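**Q** need a 3D model of the following:
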Amino acid sequence: MAAVSRQGTLSDTRLMVRIAQLYYRMQLSQEQVGQRLGLSRFQVGRLLDRALREEIVRIEIVHPDARLIELEDALVARFGLRTAVVADAPEASSDEAAQRLARDAVAGAAVDYLAALGPTGSIGVSWGRQMLELARQLEPGWTDAVEVVQLNGATALSAEPTRATEIAERFGATTGASIRLLAAPAIVGSAELRRALEADPAVGTTLEAARAASTAIFGLGIRGPDSVLVGSGFLSERDQADLREAGAVGDILGRFLRPDGRIASTDLDDRTVGLPLADLVAKPVSLGLAAGPGRGPVALAALRGRYVNVLVTDASTAQWVIDHG
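**A** As a prediction, the model looks like this:
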């Protein structure tokens with residue numbers, strides 16, 4: 001009996017190989033394969049399915065975009081995202097030219113996604129280098145949104161401009177939407193001053209509009225000297241030292257996170273003017289952009305905190321998040 005079973009198995013294997021060669025290499029139809037081998041079309045299809053299951057046949061997609069799609073699917077499955085968009089960008093590098101290319105690629109991918117999504121109602125936007133590149137690439141008529149609202153303070157405390165107004169105006173110009181700016185710094189000297197600012201109607205009504213916006217779009221910033229918050233004068237040396245000691249990996253809307261997604265410094269968070277991160281969790285679209293070297297940790301923290309349900313990033317960052325998540 002054993003010999004018969006082995007002979008039958010060998011015969012089935014050889015038949016599957018023969019069918020696979022005729023179907024995949026000679027490109028015969030299943031009906032033509034059946035006619036040649038004296039089998040029904042149903043039998044041919046069943047044996048082709050079995051050949052795939054037993055890995056007698058392997059189908060490999062070799063286009064470069066295949067890896068990007070695999071990374072997107074892995075991110076969605078791992079973190080329960082609405083979607084993920086992974087841009088084809090150079091490998092992570094500290095070289096400024098490579099960083100610009102990464103920002104350009106991620107911004108382009110985000111523009112394509114937003115145009116396909118067509119968000120309506122009110123859109124909340126942050127500021128920063130990645131958001132500036134995204135705004136530059138927006139095409140007129142990409143959405144029918146009626147209002148663009150700034151999500152966090154941006155009045156610079158140094159000679160380096162935040163360009164937040166330019167970003168919001170570009171969003172408005174390409175949509176025909178009205179613009180609502182948040183007339184306040186990103187971070188102030190005390191929690192009392194932050195509360196006083198938010199009590200002012202000029203700031204308070206904008207924050208209410210930011211809270212009501214169904215779509216939020218923001219960059220994921222890194223901690224360190226390259227942070228736009230440092231360059232714009234919002235973080236003192238003491239603040240930076242406290243963030244290092246707390247293990248902060250980066251920020252969303254000026255609010256710094258630990259690797260597990262929790263706020264790194266409650267003192268600094270109490271002095272930050274803008275939408276609280278808890279309000280991002282309930283938004284239908286909360287789109288975070290992460291491009292270039294060092295963004296993996298803050299992207300992972302944002303995903304763990306569930307502040308992002310649409311992640312747009314480069315392949316290196318996506319791979320880092322999957323490997324460490």
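
**Q** how is this structure partitioned into domains?
**A** Following automatic domain parsing, one finds the domains of the chain at 2-53, 65-324.

**Q** deepest in the core, which of the ones you listed is it.
**A** Comparing the domains of the chain by mean neighbour count (mean count of other CB atoms under 10 Å), domain 65-324 ranks first with a mean of 20. C-beta: built from backbone N, CA, C; applies to glycine.

**Q** elements contacting the longest helix seen in the chain?
**A** Counting by DSSP state H, the longest helix found in the chain is helix 96-117. The contact analysis (3 or more CB pairs under 8 Å, 6 or more residues apart in numbering; DSSP states H and E) places helix 96-117 against strand 83-87, helix 129-137, strand 285-290, strand 310-314.

**Q** quick one: mean pLDDT over the last one.
**A** Model confidence over strand 310-314 averages 97 on the pLDDT scale.

**Q** tell me how far stretch 67-81 lies from the chain's centre.
**A** 10 Å (CA atoms, centre = their mean, to the nearest Å).

**Q** who touches it?
**A** 83-88, 303, 308-311, 315, 318-319, 321-322, 325 (CB atoms under 8 Å, 6 or more residues apart in numbering).

**Q** repeat that for stretch 181-190.
**A** Contacts for stretch 181-190 (CB under 8 Å, 6+ apart): 149-157, 162, 164-165, 168, 194, 197, 202-203, 206-207, 210, 229, 232, 234-235, 239, 254, 268, 271-274.

**Q** from those, which land in helices?
**A** Judged by DSSP H, the contacts of stretch 181-190 include 164-165, 168, 194, 197, 202-203, 206-207, 210, 229, 239, 268 as members of helices.

**Q** and which of those residues is nearest Ala97?
**A** Leu229 (23.7 Å; CB to CB).

**Q** which one is that closest one nearest to, not counting chain neighbours?
**A** Closest residue in space to Leu229, ignoring its immediate chain neighbours: Leu235 at 5.1 Å, by CB to CB, 6 or more residues apart in numbering.

**Q** tell me the confidence at the one you found?
**A** In this prediction Leu235 is given a pLDDT of 93.

**Q** which residues touch it?
**A** By CB under 8 Å, 6+ apart, the neighbours of Leu235 are Ile187, Ser227, Leu229, Leu243.

**Q** what's the end-to-end length of stretch 58-71?
**A** Distance between the two ends of stretch 58-71: 20 Å, counting by CA to CA, to the nearest Å.

**Q** what's Ala282 in contact with, if anything?
**A** Counting by CB under 8 Å, 6+ apart, Ala282 has no contacts.

**Q** how near is it to Glu160?
**A** Remark: distance between Ala282 and Glu160 (CB to CB, to the nearest Å) = 34 Å.

**Q** repeat for Glu237
**A** Distance, Glu237 to Glu160, using CB to CB: 17 Å.

**Q** again, but for Ser227
**A** Distance, Ser227 to Glu160, by CB to CB: 12 Å.

**Q** next SSE after the lowest-mean-pLDDT helix or strand in the chain?
**A** The weakest-scoring helix or strand in the chain, judged by mean pLDDT, DSSP states H and E, is helix 2-20 (a mean of 65). Of the helices and strands lying after helix 2-20 in sequence (DSSP states H and E), the nearest is helix 30-37.

**Q** helices or strands up against that next one?
**A** helix 2-20, helix 41-53.

**Q** quick one: low-confidence ranges for the stretch 151-300 of the chain?
**A** Counting by pLDDT under 70, the stretch 151-300 of the chain shows low-confidence ranges at 158-159.

**Q** all strands for it, in order.
**A** Ranges of strands in the stretch 151-300 of the chain, per DSSP state E, counting those that start in this stretch, are 178-180, 215-222, 250-252, 255-257, 285-290.

**Q** could you dump these into TSV and include distance to Trp142?
**A** As requested, the strands of the stretch 151-300 of the chain are exported to TSV (distance: least, CB to CB, whole Å):
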stretch	distance to Trp142
strand 178-180	16
strand 215-222	12
strand 250-252	23
strand 255-257	28
strand 285-290	14
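
**Q** how long is stretch 263-279 end to end?
**A** So stretch 263-279: terminal residues 14 Å apart, CA to CA.

**Q** now stretch 36-43
**A** 13 Å.

**Q** for it, what is the distance to the chain centroid?
**A** Using CA atoms, centre = their mean, the offset of stretch 36-43 from its chain centre is 48 Å.

**Q** please enumerate residues in contact with that stretch?
**A** Taking contacts as CB under 8 Å, 6+ apart, the residues outside stretch 36-43 that touch it are Leu15, Arg18, Ile19, Leu22, Leu28, Gln30, Glu31, Val33, Gly34, Val44, Leu47.

**Q** and stretch 45-52, average pLDDT?
**A** Per-residue pLDDT values over stretch 45-52 give a mean of 93.

**Q** and it, how far from the chain's centre?
**A** 38 Å.

**Q** what's the answer for stretch 108-119, then?
**A** 12 Å.
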